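Asker: any chance you could fold what I've pasted below:
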Amino acid sequence: MSRVIDLKTGRMLLSIKKGYRNWISRFNENFGPETRLSDISLKTLSFLAHDKENGHFYLYDLIMNLEGLGSGFEFNRLCSSKKMVVIDRHLFLLDRIRFECMKRLGWLESYPGEKFKLVELIIGFNEPASELHTKIPVLSHNHPDYERYSSESILNREAFIRRLIPQALLETQNNRNKL
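Answerer: I've put the predicted structure just below:
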């Protein structure tokens, strides 16, 4: 007996499949509607986190397909307001990707948004993003700079974490095969 899928769900599944098609061919991993950052290999996360070598294209492509804006190849053809939609989501995801790298290094206990599926972070962007922007990652008690971090005001803790990103990217790049 065949399954009945409503049109909205069917369109969304098709958008997700199209959005991940370049990811699957580039990264040789399985991605789908349930994919969370914690499900993605460190090698792929490291590539995306560095946002070089067209790494941004893969995020643009996923975002644009899920938002019904075409493929990532068409980014430069978008009007300014649509480009901002893509860029806002890209920067938001890039933060989460970098935080996930830091968590894998053992530098973070947790970060805002880690429980969400990638699809949820993009499609429902306005809801989780507004809530998640007010929360900051939690530095691990085992991190060598934890005492300095804990002595910072709540407002300065986010800046403290962000200053660790360049070193975390370097460590992730160097250690991605060990983790």
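
Asker: can you pull out the strands in the chain?
Answerer: Taking DSSP state E as the criterion, the chain carries its strands at 108-110, 138-139.

Asker: could you dump the ones you listed to a markdown table with mean pLDDT?
Answerer: As requested, these are exported to a markdown table (pLDDT from 0 to 100):
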| stretch | mean pLDDT |
| --- | --- |
| strand 108-110 | 96 |
| strand 138-139 | 94 |
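
Asker: right, so of these, which gets closest to F125?
Answerer: strand 108-110 (20.6 Å; CB to CB). Any C-beta I mention is one placed from the backbone N, CA and C, and that applies to glycine too.

Asker: packing partners for that closest one?
Answerer: Contact partners of strand 108-110 among helices and strands, from 3 or more CB pairs under 8 Å, 6 or more residues apart in numbering; DSSP states H and E: helix 80-104, strand 138-139.

Asker: buried deepest among the strands of the chain, which one?
Answerer: strand 138-139 (a mean of 18; mean count of other CB atoms under 10 Å).

Asker: what packs against it?
Answerer: Short answer (3+ CB pairs under 8 Å, 6+ apart): strand 138-139 packs on strand 108-110, helix 146-151, helix 154-175.

Asker: dump the residue contacts of the residue nearest to R36 when sequence neighbours are not counted.
Answerer: With CB to CB, 6 or more residues apart in numbering as the criterion, R36 has its nearest non-adjacent residue at 5.5 Å, and that residue is K117. Contacts here follow CB atoms under 8 Å, 6 or more residues apart in numbering; on that basis K117 touches P33, E34, T35, R36.

Asker: E147 versus F160, what's the distance?
Answerer: Distance of F160 to E147, computed by CB to CB, to the nearest Å: 12 Å.

Asker: circling back: out of the helices and strands packed on strand 108-110, the one nearest K8 is which?
Answerer: Nearest of those to K8, taken as CB to CB: helix 80-104 at 20.1 Å.

Asker: compare F160 and E147 (neighbour count), which wins?
Answerer: F160 (18 against 9; other CB atoms under 10 Å).

Asker: any idea how far the more buried one lies from Y111?
Answerer: Distance from F160 to Y111, by CB to CB: 14 Å.

Asker: swap in E120?
Answerer: Plainly put, E120 is 15 Å away from Y111 if you go by CB to CB.

Asker: likewise for L48?
Answerer: 15 Å.

Asker: which of those two has more residues huddled nearby?
Answerer: L48 (23 against 20).
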